[in-house]
Structure formats: structure tokens, C-alpha cells
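> Model the following, please.
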Amino acid sequence: MNLEKIYQERLDDFLKQQKEKASKIFQIGNVRVALFVLMIYLLFQFFSSEFEAMLWWWCFLGVLPVFVIFIRMHQRNFDEKRSIDELVIINEKELKILKSNQPQFDGGQEFDDHNHDYCSDLDLFGSVGIFAFVNRTSTAKGKERLANLFKAPLDKVAAIYTQQDAVKVLSPKIDFRQAFMANGRITEDTLDDIAYLQAWTAAPVAFLDSTPWKITRVVLPLLSIAALVYFIITFNHLPLVFMGVLNFALLGIKSKYVGKEHTEIGKRQEILRMYVSLLNLASQEDFGDSTILNEIKKIAKEAQSGFGRLSKIVDYFDQRLNIFVGLGLNLLILYDVQCLFALEAWKKKHKQFLTNWLDSVAELDSLISLATFSYNNSELNFPQLEKSEELYIHAEALGHPLIPLSERVCNDTKLGSQHKVFVVTGSNMAGKSTFLRCVGINLLLAKCGAPVCATSFKCSIMDIMTSMRVQDSISQQTSYFQAELLRLQYIIKTLKEGKPTFIILDEILKGTNSEDKLLGSELLVQHFLDFNCLAMVATHDLELGNMQDELPGKVENLCFESIIENDELSFDYKLNRGIAKNKNATFLMRKMEIVPKRLFDN
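Residues are numbered from 1 along each chain as shown. Below is the predicted model:
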């Protein structure tokens, strides 16, 4: 599958559609202007002609609906062009990713958490993190859901396989995925917007349960209409004026509340329309046998009419900004009150469903990201997982998914079964830390229901905990060494809870002397054997590798070697069993002339 060709062809097609749609909008706009000028001319003739004035009036009434039709045509085509514009941007970004291997979508930096079990150490978030490569979400809640999935992945085998099925179904549906993305990106929502909608539906109603207002909203409009009819028949305006003043006074009592309600819900009108379009897409798509996706589709069908009704009510409410509606209909039928009753009736009927509706859209949004990741990386494969007392990770051709395929070095990896702790040694830049993250990220992807970077990947369900990039804290008066000890203390406390856990440690106890560091590392490795865990410990202390002999069948050595040939340093990044033999620090110091050659000769 030639992804670059696919995205380029899609981009070319959408650019063509974009140009055609812009031309059509321009033509419709010209007709609108012409019709508007014609209507002005007809009105002028109506008011200025002494004869045949009614003919001009009837001509005006004939043109008016045509003008309205063209206004709607213009808006519909404008909305369609906005979607096409987003599709152009999406495919441009996909092409840039393929050509540069640099993410073009949001990296979710706001979700990073240095105190999380593995978040910062595995580089989940940020401009070049795994989240940035996977993320294709188009809603704020979808983005949050995807981030939360990465931070708290699935831990039930059945749930993971169900998630895998959904990703597999969505992966080839590029038209649906990109249509969903485009419609979601037309309007940018925030978590504050979603929080407002949820708080608004949960808030008590002010009109709907008020008996006086129930009577008022029916009786006064009927009396006002009767007064209007009376005026038309008798030309006596006093009853109509009286009702208008009474209605105006009643509206004044609640004007502040009405204004606030309209302003706040009106701000979210574009978001409501966006959700209607996303739900419409979900409700019409064929999702095969996917349990998750068909449940989302079922909810989407229910939510579509609910959100659509709310959007229409807000549209009606917006008409109060039109002076003719805002003044005329309010004085006649208490238009604001009627709109508020409609809003509160909607709220009372649907408030228990809103959160579920929003969650369903967010779930589909996050699944589309995982499916796009799968589609864009066809060399990845879906893992096999099981809940097992025996903790293990067995992978063939395991690689880091963020390293380009042309540069990626893959390794067969067999962790667990017999051994519980794996000591990884190797010289600087040989690939130890990258390998640790490679294993951790692939295990995380497996638990998210995503494909992994391996030809075969089998593992038991385990939590992930790391200590690779500890940070000191001036504000908390914590030194680097103390921060590392606190991190290790937290890991041990968590292990005492008994949950199966995969531990990744990189060069621990750097803040103490070599002898103390080695002893502390040995004791920690021994302590890991007391818990239900697998552990990988990367270190420069080659002596730590002696624990394989001291604890046979429980500790195993793995290593990465550097190669020095013809006074040049190179790496093959291949995983080997045993303790690393080669060193490169002094070689590099000489090579880079940090230390003069004469000192080495001495």
C-alpha cells in the first residue's frame, strides 16, 4: 500500500472540490446580490408608484422566497466548503508526516504528568511523543479520552480484544475517518464548553415547573392575539397596547436571566451543530460486527435527534436578536419565555443522556486516532494478550514505532517465563534507553487495543511503572537523589499491592558513589524477586551483571555493544545476551579531543 500516493490523490481531489465549491459560492453570492437589488427596486416602485402598486408588491413577494432559498443554498455550500478545507489540511498534514516523520497534530502537552507511573519517562506527550503520532482527535473530549487511555490503559483481556476489533473495522474506512475529523475540526470546542453543557443540563429549571409561568405563557399570548384580531376588526388599539405593555413588563422581570441563558447556550451553538454532524456520520456508517462501534451507532441515532432538537431551539432563540422578532413577537406572544420553556423541556427530557452522548462521540473520536495509526503503519501487528500468573513479554522483531522504518532496528525479545529481572548493560549511545522505551511503549499500545511494532507480540496483562528520568524540585526542596529515592519508594509501595507490574529502571541511584550505587542496585534487584513483577534495569555497572550467577534462573543479562573499527565508533543496536564488553567513553573523549592524546599514551 503506497500511502504517499493515496494521500496525494486524496489531496488533489479535495483541492479540485475546494476550487469548484468556491466558484459555486461566488456564483450563488452574485445571484443573491442581484436578487437583493431587485427586491430594493420592487419596494421602491411599490412605494413610489401611484398606479399598479399592488403589482409591484406581488412581484416583491414572489422574489422574496427565491432570495431566502439562495441564502440557504449559500450557507449550505459554505458549510460544505469548510469541511472540504479541513480535508485539504488533513491530507496535507498526513503527507508531511510521511515525508518528514514529524508529527503535525497536537501532542497533548497539557496531559503530561511527571508524577505519573510512566507518562514522562516513555515520552507519551509533547511535540515528538507517541501521542502526537497517534492523535487524530477532532473534539476536546475525544482528545482527553485518548490521553486518558494512554495514561490508564485497559486491563481486561476481553475489553482489549473488543477495542482491537473496533480499530480493525475503522482502519480501512479512510473516507469515514477523515469526514469525521473534518466535521469535528470546523468548530473548535474546549473542555470548558463540555463542562458548561453538562452543568447546564444538571441545573434546576426556572420556568418549566413554575405554575404561574405555565399559565402566563399560554393565557397572555392568547389575549394578545385576541387584542390584535380586535384591532384589525375595529381599529381600536387600546387593548393591544395594554397587552404589549403588560408583556413587556413581565419580560423585564426575567430579562437578566433570559439574557444570560441565551448568551451562554448561544456561544455553544456551533459546537452543537458540530456534534449533530458527527452523530449523523456515526449513525449512518456500517460498522460490521464491532460491539463497541455498533453500540456507539445505536447511541448516535438516539442522540442525533436530541442534539438536533436542541440546536434548532437555540436557532429559534437566536432570532430574538432580530429587532422584528425580538420586539414584535415578544410583545405579542412572549417569545423569549416560549424559547426558555422549550429549552427547559429539552433539558428535563434529555439531561440523563447528555453525558453518555458526549462520551460516545469521544470514544469514537479516540478510536479513529488508533485506527489511523494502524492504517498509516501497515507493518504493525495486533498483539495477543492474556491474564496469566506467569508474567511475560515475547516479541519477534520488536521495534520502536516512532523510529522510521528505514532506520528502525528490531530485536527478538523474550522476557519472563523463567527470569523475573533483566539487567541491561551497554556503552553510551548503544541503545539501552531506547530499547527500554521500545518495550514499554509497545506494551502500552497493546493494552490500548492498538497494533504494536513487532511481527509477533504476546504478553500477559501488567501495569507499567518506570524510573528513567527523575527530576529534582526546587519548589518542593527535593534534590535529584531524594526525588529518585521517593520514586523508588513509590514503586515498591505499589508493588506491595500485588498487582502484576512491568518495571523499567534506567541507571538508578546516580546520585551516590559507585560502591553504594552497586550495593543499592543489587539489593533492589533482589527485592523485586519478592513481588509479582517483571523488571528491566539498565545500568553502566557491569558488576550488577554478576547477579545472574548469584540468582540463576531469576536474573538474566542483556546487552548492547558498541563497535570500534579503524578508529571509528559505530552501533548495530542489536540485543545480545550477556554483559556488555566494549566501552566508548574514553574513546570518545580522545576522539573529540576533550582529553589530549598524550595522556592516553601515558
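> Quick one: neighbours of the nearest residue to L191 once chain neighbours are set aside, just the number.
Nearest residue to L191 in three dimensions, chain neighbours excluded: A140, at 4.9 Å (CB to CB, 6 or more residues apart in numbering). Where C-beta positions appear, they are placed from N, C-alpha and C, glycine not excepted. Per other CB atoms under 10 Å, the neighbour tally for A140 reads 20.
> For the protein, just list every one of the strands.
384-386, 392-398, 411-416, 421-426, 456-460, 463-467, 501-506, 533-539, 555-560, 562-565, 568-571, 576-577 (DSSP state E).
> quick one: pLDDT of I474?
We have a pLDDT of 46 for I474.
> I'd like the strands of the chain laid out as a markdown table, including mean pLDDT.
Formatted as a markdown table, the strands of the chain follow (pLDDT from 0 to 100):
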| stretch | mean pLDDT |
| --- | --- |
| strand 384-386 | 94 |
| strand 392-398 | 96 |
| strand 411-416 | 93 |
| strand 421-426 | 92 |
| strand 456-460 | 96 |
| strand 463-467 | 96 |
| strand 501-506 | 96 |
| strand 533-539 | 94 |
| strand 555-560 | 93 |
| strand 562-565 | 78 |
| strand 568-571 | 78 |
| strand 576-577 | 92 |
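> Need those in a markdown table (columns: distance to V245 and mean neighbour count).
Output for these, formatted as a markdown table (distance: least, CB to CB, whole Å; neighbours: other CB atoms under 10 Å):
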| stretch | distance to V245 | mean neighbour count |
| --- | --- | --- |
| strand 384-386 | 73 | 16 |
| strand 392-398 | 79 | 20 |
| strand 411-416 | 83 | 19 |
| strand 421-426 | 85 | 26 |
| strand 456-460 | 76 | 20 |
| strand 463-467 | 70 | 22 |
| strand 501-506 | 74 | 24 |
| strand 533-539 | 79 | 24 |
| strand 555-560 | 87 | 23 |
| strand 562-565 | 91 | 14 |
| strand 568-571 | 88 | 13 |
| strand 576-577 | 92 | 14 |
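> who wins for proximity to E593 among these?
strand 568-571 (14.6 Å; CB to CB).
> Residues touching that closest one, excluding its own?
Residues outside strand 568-571 that contact it (CB atoms under 8 Å, 6 or more residues apart in numbering): 429-431, 560-564, 584, 587-588, 591.
> coming back round to it: Q489 is nearest to which of the strands of the chain?
Ranking the strands of the chain by proximity to Q489 (CB to CB) places strand 463-467 first, at 10.4 Å.
> Let me know the angle separating that closest one from strand 501-506.
20 degrees (axes from the mean of the first three to the mean of the last three CA atoms, to 10 degrees).
> Going forward, the N-terminal residue is numbered 185.
With 185 as the first residue, the last one maps to strand 647-651.
> what's strand 647-651 packed up against?
Here strand 647-651 touches helix 616-631, helix 664-679, strand 685-690, going by 3 or more CB pairs under 8 Å, 6 or more residues apart in numbering; DSSP states H and E.
> Can you give me the distance of M613 to L728?
Using CB to CB, to the nearest Å, M613 is found at 20 Å from L728.
> cool, and R369?
With CB to CB as the criterion, R369 and L728 are 50 Å apart.
> Could you do S663 as well?
According to CB to CB, S663 and L728 sit 24 Å apart.
> okay, these two: which has more neighbours?
L728 (21 against 12).
> Let me know whether the more buried one touches V709 as I believe.
Yes: between L728 and V709 there is a contact under CB atoms under 8 Å: 7.3 Å.
> shared neighbours, these two?
Common contact partners of L728 and V709 (CB under 8 Å, 6+ apart): 607, 721.
> what about D499, neighbour count?
Residues near D499, counting by other CB under 10 Å: 13.
> what residues are up against it?
Q453.
> how near is it to W384?
For D499, the distance to W384 (CB to CB) stands at 17 Å.
> With S544 instead?
19 Å.
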